[in-house]
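In: I'll drop the sequence and a predicted model, then ask my questions.
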Amino acid sequence: MGKSIRNFAAVTRVGLDLAKKVFQVHAVDAKGEIVVVRKLTRGRLVALFAELAPCQVAMKACSSAHHWARKLEALGFKVRLIPPAHDRVTVHFIDLSLARKVAWAGPLRRKRNK
């Protein structure tokens, strides 16, 4: 963990795992290569996103996700909340961190089971 390349302009998709004190950020470029993997505290999260160019941010919908979505949308990011009931990615990629799973699930379209 802790991989950080200063080429923030290359970031096209960010997966964000929200927690109480420490957040996981996983950013990839257009090729799907990892650009940023970081653990951040609440106070440093907005500062990191202020350095990034606006892109797509995906996070699992939880109690604080709407708060952070509003903050990131104010910075110009397109935020996608993934409902936990529709998150099938965690079943297929058990060994990856949640932030990485959400980064990959962001652009996927899923059909609802009836």
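Out: Cool, the structure landed.
In: what about the closest residue to residue 64 other than its chain neighbours, distance to residue 29?
Out: Leaving aside its chain neighbours, residue 64 sits nearest to residue 18 (5.5 Å; criterion: C-beta to C-beta, 6 or more residues apart in numbering). The C-beta positions use only the backbone N, C-alpha and C, and glycine is treated the same way. Residue 18 sits 23 Å away from residue 29, going by C-beta to C-beta, to the nearest Å.
In: More neighbours: these two, which one.
Out: residue 18 (21 against 17; other C-beta atoms under 10 Å).
In: looking at it, that one is touching residue 58, isn't it?
Out: No. The criterion here is C-beta atoms under 8 Å, and residue 18 misses it with residue 58 at 11.5 Å.
In: quick one: pLDDT of residue 46?
Out: Looking at residue 46, its pLDDT reads 92.
In: what secondary structure does it sit in?
Out: Under DSSP: H, G, I helix; E, B strand; the rest coil, residue 46 falls in the helix class.
In: That one - nearest residue in space that isn't next to it in sequence?
Out: residue 71 (6.2 Å).
In: Surely the one you found is in a helix?
Out: Yes. The assignment for residue 71 (three-state DSSP) places it in a helix.
In: How much space separates it from residue 38?
Out: 17 Å.
In: higher neighbour count, the two?
Out: Taking neighbours as other C-beta under 10 Å, residue 71 and residue 38 compare with residue 38 leading, 17 against 14.
In: Quick check: buried residues in the helix or strand hosting residue 28?
Out: Element membership of residue 28, judged by DSSP states H and E, is strand 22-29. Neighbour-count burial for strand 22-29 flags 23-29 (criterion: 16 or more other C-beta atoms under 10 Å).
In: I'd like those residues written out as a markdown table, with distance to residue 80 and pLDDT added.
Out: Listed next are the buried residues of strand 22-29 as a markdown table, based on distance: C-beta to C-beta, whole Å; pLDDT from 0 to 100:
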| residue | distance to residue 80 | pLDDT |
| --- | --- | --- |
| 23 | 17 | 89 |
| 24 | 17 | 88 |
| 25 | 15 | 88 |
| 26 | 14 | 87 |
| 27 | 15 | 88 |
| 28 | 14 | 87 |
| 29 | 18 | 86 |
